[in-house]
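Enquirer: this one's structure only:
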């Protein structure tokens, strides 16, 4: 019974790939306007969702839509509308010896499935990114946000209709769980799945999907303070990477410190107490911090304090005696998201940049920069922690594929 | 018990990523020499495999290794050795407003698993492509080729040892089926799986893998002869696309012919009788060919003759009344591999190039050109029919990923 949604998406995708970029931008600007114009209905629908949710639920805040948030969503739509379209870009071209004219041209992926949780802003965000890149978004939002998502989708569908575009250029699946199962199995109809949300959601999608999945998420992030490191830089970088926003994937989880610089640890970690960050320290670093860091925030690290994404005001520290030991630790525990070194020695920086296998590898900067906006991609659909197709922040280009066009004049092989 | 193989591969992969391109080329040239130098042992091992196989087995010919084939394998190794390495290529770089220096650099994928069948040449071919791109190949060959694969791998390991490179830079799994199952589940250790072989093998790997899979293979290939088509060009193109090699994925399966040009069908299909190609024709095209094409080779098409990869001297024909009908047919039955139009009208060509969603889309040329060598990639690990990561012929670049390097001087966000 869900097949009709996917088939409609495929049919719409064929037409969508023929739209010109100017029309696409017009539609996105109209959606931005529509969100503001229909603010009252959207907020009323959102209220129905909110009424069903316990005020103490951690998802409550994320579910709220108010005028400010709608304005933010509209602004994002306009921003995406104004960006250059990657579609049609000629990535490579060549004329072969036999006079065949060969080119590699950027095209939409086709139908992009996105499974997400209670944040209704994702509905508009994903639609805008997918539509901009000629893709049909098949959206499976959380049931908590059902009324909000329907209201937002009504605005989108209204605009599509005004432009005589197939309304199935954006598909919102019914909120029930069975729709998720159907989506995971829509092989041959949906080209790629992107789960957005908790690690449990991502794991579930990866384990059960029959469709290629782009994994986003989990950042188990390290920063290594080398024997050549500048402790004042480290102080600011560690503070920023750990406390700027603890709930995001680029937040620092573990500080690796060279044994020769344990005496600098009180200075380096000094600002963390401002935010009451709990520190889980190994024996040597614990001793170095014992009379310097607030006693009630300092704990002896257990094995399980390494290789964990805290998503909280918590950080572990491990002492290493050589950069190789830091690299070993990172290779073992990193989730391949963001890793940094603080070092003044250029050779050491290069060793680190070269050896660490992660989406983003830093020298002397806060890992908080791992973000599509910060990297200049303009917009971001997620941060990939896998190596196929896209790695790190994914912008418009990462929502495209390519095809080879070969123009001949009767050539045979 | 197979985990040790994968863990050894991961450890070797970390070292391999630090090798310089010159050493990599030296190793590949030495492997080429080693294949010739150890021809006697390899051929003896191959004989043991051949003795176990029924002479009438379709795989028998593919299993044979003789001096000519070894020379071919050695030549391929040398060719790959001589190619430019994609590693370290800076794909993008930028200095941000905050003076962060950002670059996107090409790196190996890491550990590449390849599951294949009885062709022992794949062992050397895949090793060479993976090693060139800094990847550890974890090879799972067919049990039919067990002794041959071990002999080939001994040559490779010997060369690695001579160069003081971790021997696990190439891993041959035991021939038993359990090893395949372990490989499909080696999540977190193996970065990508590439199945090479029959559709059944590819389907099995896709269905059961917990690791990202790059699908290669199945080509259900169409060529559309438009009302503006040149029938003499069509005659040669159709003959070439159908009969050059029927067992390959780019071979033509179905000719779509515009109703206005049915009278040209005898000319267009004329050369196919030379190779005794069986034609499965719809009513109109059957009537057009009735007294022109050999009666014993002409059949009325059944529904199941469309959307099938024949891999044989067989071809179906369908009459269409408009290019849209051709596009519909292709959208429904294509496997997204190679599709062609024969048309002189430029507008019609553009419509076709734009609308068809396949890895390779042709005008006025034989689909037999869909091949890494023909496209100028130098070497090919397969032809991807999926849209993520790589599409169409995959060369060295498609065996790489990238990472973002961010160099700072104390920047915080």
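Expert: Sure thing, it's come through. All values reported here derive from a predicted model rather than from experimental measurement.
Enquirer: just for chain A, where's the confidence low?
Expert: Scanning chain A for pLDDT under 70 picks out nothing.
Enquirer: Can you show me the helices along it?
Expert: When assigned using DSSP state H, the helices of chain A occupy the ranges A:3-16, A:21-37, A:39-52, A:60-63, A:67-82, A:121-132, A:146-162, A:177-184, A:199-208, A:231-243, A:265-268, A:283-289, A:323-333, A:346-355.
Enquirer: among those helices, which is the most enclosed?
Expert: With neighbours defined by mean count of other C-beta atoms under 10 Å in any protein chain shown, none of those is more surrounded on average than helix A:121-132, at a mean of 25. In short, each C-beta sits where N, CA and C put it, glycine included.
Enquirer: Tell me if that helix is near chain B.
Expert: No - judged by C-beta under 8 Å from any C-beta of the partner chain, helix A:121-132 stays clear of chain B, getting no closer than 13.9 Å.
Enquirer: Contact residues of the stretch 1-150 of chain A facing chain B?
Expert: The stretch 1-150 of chain A has residues A:14, A:17, A:18, A:94, A:96, A:100, A:102, A:107, A:109, A:110 near chain B, with proximity defined as C-beta under 8 Å from any C-beta.
Enquirer: Chain B contacts on the stretch 251-400 of chain A?
Expert: A:331, A:349, A:353-355, A:357-366, A:368-370, A:374-376, A:386-389, A:391-393.
Enquirer: Need the buried ones from the residues you listed selected in ChimeraX.
Expert: The ChimeraX selection below is limited to those of these classed as buried (16 or more other C-beta atoms under 10 Å in any protein chain shown):
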select /A:331,349,353,354,355,357,358,359,360,361,362,363,364,365,366,368,369,370,374,375,386,387,388,389,391,392,393
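Enquirer: In strands, which of the residues of the stretch 251-400 of chain A next to chain B appear?
Expert: Secondary structure defined by DSSP state E assigns A:360, A:361, A:362, A:363, A:364, A:365, A:392, A:393 of these to strands.
Enquirer: number of nearby residues for residue A:290?
Expert: Counted with other C-beta atoms under 10 Å in any protein chain shown, residues neighbouring residue A:290 total 12.
Enquirer: and it, what is it in contact with?
Expert: Under the criterion of C-beta atoms under 8 Å, 6 or more residues apart in numbering or on different chains, the contact partners of residue A:290 comprise residue A:298.
Enquirer: what separates it from residue A:239, distance-wise?
Expert: If you measure residue A:290 against residue A:239 using C-beta to C-beta, to the nearest Å, the figure is 20 Å.
Enquirer: Bridging across strands, which residues link to residue A:393?
Expert: Residue A:393 has these beta-bridge partners by DSSP bridges: residue A:383.
Enquirer: From what I see, it and residue A:369 are in contact.
Expert: No - judged on C-beta atoms under 8 Å, residue A:393 makes no contact with residue A:369 at a distance of 9.8 Å.
Enquirer: shared neighbours, those two?
Expert: Taking C-beta under 8 Å, 6+ apart as the contact criterion, the residues that touch both residue A:393 and residue A:369 are residue A:375.
Enquirer: Who does the nearest residue to residue A:93 once chain neighbours are set aside form a beta bridge with?
Expert: Excluding the flanking residues, the one nearest residue A:93 by C-beta to C-beta, 6 or more residues apart in numbering or on different chains is residue A:103, at 3.9 Å. For residue A:103, the beta-bridge assignment (DSSP bridges) gives partners residue A:93, residue A:405.
Enquirer: Please name the residues that touch residue A:103.
Expert: Applying C-beta under 8 Å, 6+ apart to residue A:103 gives the contacts A:90, A:92, A:93, A:94, A:404, A:405.
Enquirer: buried subset of these?
Expert: The buried subset of these - by 16+ other C-beta under 10 Å - is A:404, A:405.
Enquirer: if we can go back for a sec, next, format the helices of chain A as JSON lines and append distance to residue B:303.
Expert: Shown next, in JSON lines, are the helices of chain A (distance: least, C-beta to C-beta, whole Å):
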{"stretch": "helix A:3-16", "distance to residue B:303": "20"}
{"stretch": "helix A:21-37", "distance to residue B:303": "38"}
{"stretch": "helix A:39-52", "distance to residue B:303": "47"}
{"stretch": "helix A:60-63", "distance to residue B:303": "50"}
{"stretch": "helix A:67-82", "distance to residue B:303": "44"}
{"stretch": "helix A:121-132", "distance to residue B:303": "35"}
{"stretch": "helix A:146-162", "distance to residue B:303": "35"}
{"stretch": "helix A:177-184", "distance to residue B:303": "27"}
{"stretch": "helix A:199-208", "distance to residue B:303": "33"}
{"stretch": "helix A:231-243", "distance to residue B:303": "62"}
{"stretch": "helix A:265-268", "distance to residue B:303": "72"}
{"stretch": "helix A:283-289", "distance to residue B:303": "72"}
{"stretch": "helix A:323-333", "distance to residue B:303": "55"}
{"stretch": "helix A:346-355", "distance to residue B:303": "57"}
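Enquirer: Burial check on the residue nearest to residue A:176 when sequence neighbours are not counted, number of neighbours?
Expert: Distances taken as C-beta to C-beta, 6+ apart put residue A:143 closest to residue A:176, at 6.9 Å, once the chain neighbours are dropped. Residues contacting residue A:143 under the criterion other C-beta under 10 Å number 16.
Enquirer: pretty sure residue A:143 is in contact with residue A:175, am I right?
Expert: Yes - counting by C-beta under 8 Å, residue A:175 is a contact partner of residue A:143 at 4.0 Å.
Enquirer: Run a quick check on residue A:382 versus residue A:394, I expect a contact.
Expert: Yes - the pair residue A:382 and residue A:394 qualifies as a contact (C-beta under 8 Å) at a distance of 5.5 Å.
Enquirer: Give me the common contacts of these two.
Expert: When contacts are counted by C-beta under 8 Å, 6+ apart, residue A:382 and residue A:394 have A:214, A:216 as shared neighbours.
Enquirer: so what's residue A:291 up against?
Expert: With contacts taken as C-beta under 8 Å, 6+ apart, residue A:291 has no neighbouring residues.
Enquirer: any idea how far it lies from residue A:238?
Expert: In this structure, residue A:291 and residue A:238 are 20 Å apart, going by C-beta to C-beta.
Enquirer: about what we covered before: could I have the buried ones of the residues of the stretch 1-150 of chain A next to chain B as ChimeraX selection syntax?
Expert: Taking 16+ other C-beta under 10 Å as the burial criterion, the selection of buried members of the residues of the stretch 1-150 of chain A next to chain B in ChimeraX is written as:
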select /A:14,17,100,102,107,109,110
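Enquirer: In CSV, list the residues of the stretch 1-150 of chain A next to chain B along with distance to residue A:85.
Expert: Putting the residues of the stretch 1-150 of chain A next to chain B into CSV (distance: C-beta to C-beta, whole Å) gives the following:
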residue, distance to residue A:85
A:14, 18
A:17, 12
A:18, 14
A:94, 24
A:96, 29
A:100, 28
A:102, 23
A:107, 12
A:109, 14
A:110, 16
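Enquirer: So which of the residues of the stretch 1-150 of chain A next to chain B belong to strands?
Expert: Restricting the residues of the stretch 1-150 of chain A next to chain B to those inside strands, with DSSP E as the criterion, leaves A:94, A:102, A:107.
Enquirer: count of residues packed around residue A:221?
Expert: 31.
Enquirer: Show the contacting residues for it.
Expert: Going by C-beta under 8 Å, 6+ apart, residue A:221 touches A:241, A:249-254, A:309, A:334-335, A:337-340, A:367.
Enquirer: repeat for residue A:401
Expert: Applying C-beta under 8 Å, 6+ apart, we find residue A:401 in contact with A:106, A:107, A:108, A:109, A:110, B:387, B:388, B:391.
Enquirer: what's the answer for residue A:79, then?
Expert: Counting by C-beta under 8 Å, 6+ apart, residue A:79 touches A:378, A:379.
Enquirer: and it, how far is that from chain B?
Expert: Residue A:79 sits 17 Å away from chain B when distances are taken as C-beta to the nearest C-beta, to the nearest Å.
Enquirer: surely residue A:5 meets residue A:178?
Expert: No - using C-beta under 8 Å, residue A:5 makes no contact with residue A:178, being 11.9 Å away.
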